[in-house]
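>>> Got a predicted structure plus its sequence, pasted below:
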Amino acid sequence: MLPGFFTNVRSIGYRWTWIGVLLALQGATIIFEGISIGMILPVLQVIETGGDFEPLRQNSALWKHLFAVTEALNVPLSLPTLLIGIFALILIRQVFTYIREVYSASVQLEVIRRVRDRAFEGFLYADLDHHDNIQAGRFVNELTTELMSATGSIGTGIKFIGQIMTCAAYGVIVFMLSPSMTVIAFIVLALVAVLLVRVMRGIYSLGNLVTGANQEISSFLIERLKAIRLVRLSNIEVAELNALQGHTERQRERLFKQRKLLALLSVLIEPIVLAIALVLLYVAVNNLALEIAATMLFFFILLRMSPMVKDAILHRQSYLSQVASIEVVSDRLRSLEEAKDDLGGGRELTALEEGIVCRDVNFNYMGSQVKALNGLNLVIPATKMTAIVGPSGSGKSTLVDCLPRLRTIVSGQILFDNVAQSEFSAVSLRQAISFVSQSPQIFNVSAAKHIRYGRPSATDEELRCAASAAQAHDFISEMSEGYETLMGEGGIRLSGGQRQRIDLARALIRRAPILVLDEPTSNLDPESEAKFLAALKAVRRDTPTTLIVIAHKLSTVRLADHITVMEDGAVTASGTFAEVSEKNDWFRRAYNAPENISVAIGTT
């Protein structure tokens, strides 16, 4: 167990110094525990001799040492002195026990904090291919339930080591009393421990099953919480409730089996150890001719060891039942570290003067043989508005992800002002590109805080200017607390158009040279769309921004200086509205024929 234990300790962030201090505190506890238990022998001997110290002093090296210590302390050696000494040693042991427990709790909470911070940081900086494979429910479960279980199991493992050390210390004491009885006792105890451990092997596999059940429930709940409107509108509440009951029943069954095995182990150990102690007591009295004091101390230590042996075996099994949690957490940390995004080169992109050029760009998603971008050649002129259109699955949003290197192209080149994308730092690229999505991601924060996500250092005046440019200042001012009004999770307290415009304000306040809008008006009613388009026209008129719009509606496309049609990951036409209408059949059907204006142009 120990080699695997120390590997697991390091894998989730425990420091060797922390483990060393915990074991040192455990060692100090054991030392004072051993001395206090050993001091019982002189007390029993005093009682046995009727309080006559002189024969004890002449015939025992232990008593000679006791007299030397008490004389050095200028304290008379007596039965009350011995009892007070034992009590003082126990108090010191308890002080070390308290320090150890407090320090252990402090270390556990610090590890939990560090792991959560490290995991979230890794998540933030992981590439999007890795994000595509992360299930939100599993990730949350790993940083809550499984992390608590993992750190708890480390504490359990340290307690197991401490109990083994304590039993070893007791073993030294009883060996000094009777080597032959000690050897017999430990052989029998070892055989019993091995037998019980073999019986309880199933606990480890059950631990894996319990971890799996926890992750299933977390994933299920988070997915359904996000899609409650779909569930209610589809009238499938009963089916979803039945599905959850299936998950919770599997979790209950696995946890029950695990705890039943631990309970069986718990009730078996103590009677077995007690029976061994009684047999050994009988042997000591009738066959080994030990003195009464030594026999009583030997029996007392065996009785004290009985619950410790039980707890040691239970702690070992508890640790093994939670190893799966350690493995899940450490695997997640390792995968996030391996998926860390490439930081890129050292150049900074602060302005765009000529434009963006894509040359023979290829990209395919992990595990897919189909190219999302297939030899893409594209020119996006600087300070102009370029509309990118195309059917669902044509690669439009994939291209948008590749520009700031959220996804890394497989081959080809993306150039900013004739400089390769790889020469710019990833941070610089992302600061130079502001993004407004079709469905803005809005947290339950104030309007001011959301807008300042674009530039945290923005002044109040800059905040209002950005909101005015996005046609958002008036409705924000009318809210109950103005710019300090909380918007609700997902911006639930705002209309669709308001969410879109407040998110545009966030993008504008950054003053980035490139602004990308992904289907910005697709979910808006005519009035909201008109206000958003007015804001977009103002941006074109008042700022030298390069606008890239994933377009869906004719009203947006007609605003563009340049239109690019993408199909199957490649550009099939580009030019003005009239030029593209003449060149491309898909564009002509989608935008020019009134009956086809509403054709859905996907966001992929």
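That came through fine.
>>> Could you report the neighbour count for residue 32?
Using other Cβ atoms under 10 Å, residue 32 has 19 other residues around it. Placement of C-beta: from N, CA and C, glycine included.
>>> residue ranges for the helices of the stretch 501-604 of the chain, please.
526-542, 554-557, 577-583, 585-587 (DSSP state H, counting those that start in this stretch).
>>> need those in CSV with distance to residue 224, mean neighbour count and mean pLDDT, can you?
Below are those laid out as CSV (distance: least, Cβ to Cβ, whole Å; neighbours: other Cβ atoms under 10 Å; pLDDT from 0 to 100):
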stretch, distance to residue 224, mean neighbour count, mean pLDDT
helix 526-542, 30, 16, 78
helix 554-557, 35, 18, 77
helix 577-583, 43, 15, 88
helix 585-587, 38, 18, 88
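>>> With distance to residue 414 added, can I get those in a markdown table?
Shown next, in a markdown table, are those (distance: least, Cβ to Cβ, whole Å):
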| stretch | distance to residue 414 |
| --- | --- |
| helix 526-542 | 24 |
| helix 554-557 | 24 |
| helix 577-583 | 23 |
| helix 585-587 | 24 |
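>>> Roughly how far does residue 191 sit from residue 184?
In this view, residue 191 and residue 184 are 11 Å apart by Cβ to Cβ, to the nearest Å.
>>> Which one's more surrounded, those two?
Under the criterion of other Cβ under 10 Å, the comparison of residue 191 against residue 184 puts residue 184 first, with 15 against 10.
>>> Name the spans of the stretch 451-600 of the chain whose pLDDT lies under the cut-off.
Scanning the stretch 451-600 of the chain for pLDDT under 70 picks out 522-524, 592-600.
>>> What pLDDT does the model give the residue nearest the centre of the chain?
Nearest residue to the geometric centre of the chain (Cα atoms, centre = their mean): residue 143, 3.2 Å. If you check residue 143, the pLDDT there is 88.
>>> what's the span of stretch 534-551 from first residue to last?
16 Å (Cα to Cα, to the nearest Å).
>>> what about it, distance to the chain center?
Averaging C-alpha positions (Cα atoms, centre = their mean, to the nearest Å) puts stretch 534-551 40 Å from its chain's average.
>>> can you give me phi and psi for residue 373?
Backbone torsions for residue 373, taken as degrees, to the nearest 10, come to phi -120, psi 130.
>>> One more: residue 413?
For residue 413, the backbone dihedrals (degrees, to the nearest 10) come out as phi -140, psi 140.
>>> and the gap between it and residue 351?
Taken as Cβ to Cβ, the span from residue 413 to residue 351 is 20 Å.
>>> Please apply the same query to residue 184.
Computed as Cβ to Cβ, the residue 184 to residue 351 distance reads 86 Å.
>>> Next: residue 249.
61 Å.
>>> And residue 255, by the same measure?
Computed with Cβ to Cβ, the distance linking residue 255 and residue 351 is 60 Å.
>>> Ok, residue 541 next?
From residue 541 over to residue 351 (counting by Cβ to Cβ), the distance is 19 Å.
>>> Contact partners for residue 118?
13, 333 (Cβ atoms under 8 Å, 6 or more residues apart in numbering).
>>> how about 10 Å then?
12, 13, 332, 333, 336, 337 (Cβ atoms under 10 Å, 6 or more residues apart in numbering).
>>> Does the second one belong to a helix, a strand or coil?
For residue 13, the reduced secondary structure class is coil; criterion used: DSSP: H, G, I helix; E, B strand; the rest coil.
>>> mind giving me the domain ranges of this structure?
If you go by automatic domain parsing, the domain ranges for the chain are 2-338, 355-596.
>>> now residue 431, nearest residue through space, not along the chain?
residue 512 (6.8 Å; Cβ to Cβ, 6 or more residues apart in numbering).
>>> brain fart, residue 55
In this structure, residue 55 finds its nearest non-sequential neighbour in residue 49, 6.3 Å apart by Cβ to Cβ, 6+ apart.
>>> any idea how far residue 69 is from the one you found?
For residue 49, the distance to residue 69 (Cβ to Cβ) stands at 20 Å.
>>> follow-up on the earlier one: mark which of the contacts of residue 118 are buried, thanks.
For the contacts of residue 118, a burial check counting by 16 or more other Cβ atoms under 10 Å picks out 12, 13, 332, 333, 336.
>>> What separation do you get for the fourth one and residue 142?
Noted for residue 333: a distance of 9 Å to residue 142, by Cβ to Cβ.
>>> shared neighbours of these two, which are they?
Between them, residue 333 and residue 142 share the contacting residues 115, 119, judged by Cβ under 10 Å, 6+ apart.
>>> any low-confidence regions in the stretch 1-150 of the chain?
1-3, 51, 53-54, 56-62.
>>> swap the cut-off to 80 and go again
1-6, 33-73, 75-78, 129, 137 (pLDDT under 80).
>>> And the helices in it?
2-11, 16-38, 40-49, 54-59, 61-72, 79-125, 128-132, 136-141, 147-177.
>>> Go through the last one and flag the buried ones.
Pointing back at helix 147-177 there. Buried residues in helix 147-177, counting neighbours by 16+ other Cβ under 10 Å, are found at 147, 149-164, 166-167, 169-171, 173-174, 177.
>>> same deal with stretch 25-36?
Quick answer for stretch 25-36 (16+ other Cβ under 10 Å): 25, 26, 28, 29, 30, 32, 33, 34, 35, 36.
>>> Dump the C-alpha coordinates for it into PDB.
Coordinates of each C-alpha in stretch 25-36 appear next as PDB, following Å, rounded to 0.1, in the frame of the first residue of the first chain:
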ATOM      1  CA  LEU A  25       3.400  14.900  15.100                       C
ATOM      2  CA  GLN A  26       2.100  11.300  15.000                       C
ATOM      3  CA  GLY A  27       5.500  10.100  16.100                       C
ATOM      4  CA  ALA A  28       5.500  12.600  19.000                       C
ATOM      5  CA  THR A  29       2.000  11.300  20.000                       C
ATOM      6  CA  ILE A  30       3.300   7.800  19.900                       C
ATOM      7  CA  ILE A  31       6.400   8.600  22.100                       C
ATOM      8  CA  PHE A  32       4.300  10.100  24.900                       C
ATOM      9  CA  GLU A  33       1.700   7.400  24.500                       C
ATOM     10  CA  GLY A  34       4.400   4.700  24.800                       C
ATOM     11  CA  ILE A  35       6.000   6.300  27.900                       C
ATOM     12  CA  SER A  36       2.700   6.800  29.600                       C
END
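>>> which residues touch it?
With contact meaning Cβ under 10 Å, 6+ apart, stretch 25-36 is reached by 85-104, 158-159, 161-163, 165-170, 172-173, 301, 304.
>>> try 8 Å this time
86, 89-90, 92-93, 96-97, 99-100, 103, 158, 161-162, 165-166, 169-170, 172-173.
>>> show me where the stretch 351-500 of the chain has helices.
Going by DSSP H, counting those that start in this stretch, the stretch 351-500 of the chain shows helices at 396-402, 426-432, 447-452, 460-469, 473-478, 496-509.
>>> could you give the angle of the fourth one to helix 526-542?
Spelled out, it's helix 460-469. Angle of helix 460-469 versus helix 526-542, following axes from the mean of the first three to the mean of the last three Cα atoms, to 10 degrees, is 120 degrees.
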